[in-house]
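Chemist: Take a look and give me a structure for this.
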Amino acid sequence: MQNDQTSYKKFDHNAHAKSRAPDDFWGQIRRTVNGEPVSDEQIRMITDAIQAALRLSTKDKLLDLACGNGALSHLLFDSIAGYQGVDFSEHLISVAKQNFERLPSHQFVTMGAAEYVRQEARPETFTKVLCYGSFSYFPAADAAEVLRTLHDKFSNVQAVFIGNLPDKDRAAAFYKTKPASAEEMADHESQIGIWRTQGEFAKLAGDAGWKTKFSVMPTEYYAGYYRYDVLLSR
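Modeler: Next up is the predicted model:
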């Protein structure tokens with residue numbers, strides 16, 4: 001049993017999504033501030049960052065790992081030729097299918113990220129990969145496997161954008177009143193998931209064969225003070 005110093009609340013993505021209204025797309029995936037959905041301007045900052053990093057074109061087929069309910073990624077659909085969204089939550093994928101799916105070219109499937117990349121039969125069809133706001137919730141072993149498999153198996157993928165990663169070096173800015181324990185910051189089931197410094201992430205990606213280029217969002221971005229983005233290239 002955990003003591004008071006190290007105890008913390010775990011986070012259940014599926015249960016949280018089910019607790020929000022069917023049309024509260026940003027609330028379902030916690031794209032919120034103090035429980036309220038972020039503004040359209042904030043969402044545009046995110047999509048602009050994704051577009052700028054991946055340089056999406058109508059020739060691209062995008063793989064979106066841990067895509068949630070598709071509310072964010074569907075804003076990219078007109079920029080790409082094809083899309084595959086993957087998420088372990090049956091509820092979030094059901095929302096995505098009902099509201100955002102465009103068959104047969106832009107579709108969603110219920111599956112964990114590591115399982116998906118492991119079993120994908122046609123990895124060569126993908127040219128870009130996105131994982132936004134979700135990578136910190138991958139178990140450490142899955143995170144390593146996903147990066148390694150994307151590098152080794154998805155031969156035509158030249159760029160992977162992993163966004164909104166919690167920065168361990170800036171954790172104090174987030175935990176203002178009560179610092180998080182090392183246990184909490186290393187737990188993928190915690191409220192924020194696994195915190196990593198840029199150096200730690202560079203080593204994780206480098207061990208899988210990727211080069212890294214880090215960036216941060218504009219100061220106006222609601223989570224920019226404790227998060228960073230990374231673009232992976234070969």
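
Chemist: quick one: residue 81 and residue 58 touch, right?
Modeler: Yes: applying C-beta atoms under 8 Å, one finds residue 81 in contact with residue 58, separated by 5.5 Å. In this view, the C-beta of every residue, glycine as well, is placed from N, C-alpha and C.

Chemist: Those two: which is more packed in?
Modeler: residue 81 (15 against 9; other C-beta atoms under 10 Å).

Chemist: Now residue 44: which helix or strand?
Modeler: Using DSSP states H and E, residue 44 sits in helix 40-54.

Chemist: scratch that, residue 142
Modeler: Using DSSP H and E, residue 142 falls in helix 140-153.

Chemist: quick one, helices of the protein?
Modeler: Here the chain has its helices, by DSSP state H, at 13-19, 25-28, 40-54, 90-99, 113-119, 140-153, 171-174, 182-185, 198-207.

Chemist: just how off-centre is the last one within its chain?
Modeler: Using C-alpha atoms, centre = their mean, to the nearest Å, the distance from the centre of helix 198-207 to the centre of the chain it belongs to is 17 Å.

Chemist: Same check on stretch 125-141?
Modeler: 5 Å.

Chemist: Return that stretch as CSV; C-alpha atoms alone will do.
Modeler: C-alpha atoms of stretch 125-141 as CSV (Å, rounded to 0.1, in the frame of the first residue of the first chain):
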residue,chain,number,x,y,z
THR,A,125,1.9,2.4,-47.3
PHE,A,126,2.4,5.0,-44.5
THR,A,127,4.6,8.1,-45.0
LYS,A,128,4.1,10.1,-41.8
VAL,A,129,3.2,9.2,-38.2
LEU,A,130,1.6,11.3,-35.5
CYS,A,131,1.1,10.8,-31.7
TYR,A,132,-0.2,13.8,-30.0
GLY,A,133,-0.7,14.2,-26.3
SER,A,134,-0.7,10.4,-25.7
PHE,A,135,2.9,9.0,-25.8
SER,A,136,3.4,9.6,-22.1
TYR,A,137,0.6,7.1,-21.4
PHE,A,138,2.4,4.3,-23.2
PRO,A,139,4.0,1.7,-20.8
ALA,A,140,7.8,2.1,-21.0
ALA,A,141,8.2,-1.2,-22.9
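
Chemist: quick check: mean pLDDT across that stretch?
Modeler: Here stretch 125-141 scores 98 as its mean pLDDT.

Chemist: Distance of the residue nearest to residue 136 when sequence neighbours are not counted relative to residue 123?
Modeler: Spatially, and ignoring its direct neighbours in sequence, residue 136 is nearest to residue 193 (3.0 Å; C-beta to C-beta, 6 or more residues apart in numbering). Per C-beta to C-beta, to the nearest Å, residue 193 is found 26 Å from residue 123.

Chemist: what do you get for residue 34?
Modeler: 41 Å.

Chemist: go on, residue 35?
Modeler: 39 Å.

Chemist: Understood, closing this out.
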